[in-house]
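Novice: sequence and predicted model, in that order:
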Amino acid sequence: MIESTRIGARHVRKDRRMKLDATTFRQLRRLAPVLDDVLNAGEVEYPHQAVNLAALAALCSQLFQTYELRKPAGMEQARVDVK
């Protein structure tokens, strides 16, 4: 059975979820404060922030590619919805 949830104006189907493995989740949690610092400051102030942003970008890219391979139809619909 496919469950769905309404979030704001968007309708999110729970069958489109991708569970993160523990290692990936820990990496995202470790890198999240760097993104928060950059967003709050509006700039990259320190070299470690830039390096960690690169690591975060690589991890996000990997997650995106994995999700796209698993759910190509969902990704195509999301692209249409964003436009």
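Specialist: Now that the structure is in, tell me what you want to look at. Please read these numbers as outputs of a predicted model, since none were measured by experiment.
Novice: quick check, pLDDT for residue 13.
Specialist: If you check residue 13, the pLDDT there is 57.
Novice: now do residue 1
Specialist: 36.
Novice: residues touching residue 63, list them.
Specialist: Counting by CB atoms under 8 Å, 6 or more residues apart in numbering, residue 63 makes contact with 18, 20, 24. For every residue, glycine as well, the C-beta is placed using N, CA and C.
Novice: ok, now how distant is residue 47 from residue 30?
Specialist: 17 Å (CB to CB, to the nearest Å).
Novice: what's the answer for residue 53, then?
Specialist: Note on residue 53: its distance to residue 30, by CB to CB, is 13 Å.
Novice: nearest to residue 69 among the contacts of residue 63?
Specialist: Nearest to residue 69 among those, counting by CB to CB, is residue 18 at 10.1 Å.
Novice: measure the residue nearest the centre of the chain to residue 40 for me?
Specialist: For the chain, the residue nearest the mean C-alpha position is residue 60 (5.6 Å; CA atoms, centre = their mean). When distance is defined by CB to CB, residue 60 is 19 Å away from residue 40.
Novice: picking that back up, name the SS class of the residue nearest to the centre of the chain, please.
Specialist: Classification of residue 60 by DSSP: H, G, I helix; E, B strand; the rest coil places it in helix.
Novice: so how far is residue 74 from it?
Specialist: For residue 60 relative to residue 74 (CB to CB), the value is 17 Å.
Novice: which residue ranges form the strands in this protein?
Specialist: 4-7, 10-13 (DSSP state E).
Novice: coming back round to it: out of the contacts of residue 63, the closest to residue 78 would be?
Specialist: residue 18 (12.9 Å).
Novice: number of residues surrounding the nearest residue to the closest one once chain neighbours are set aside?
Specialist: In space, not counting the residues next to it along the chain, residue 18 is nearest to residue 67; the distance is 5.1 Å by CB to CB, 6 or more residues apart in numbering. Neighbourhood size, residue 67 [other CB atoms under 10 Å]: 16.
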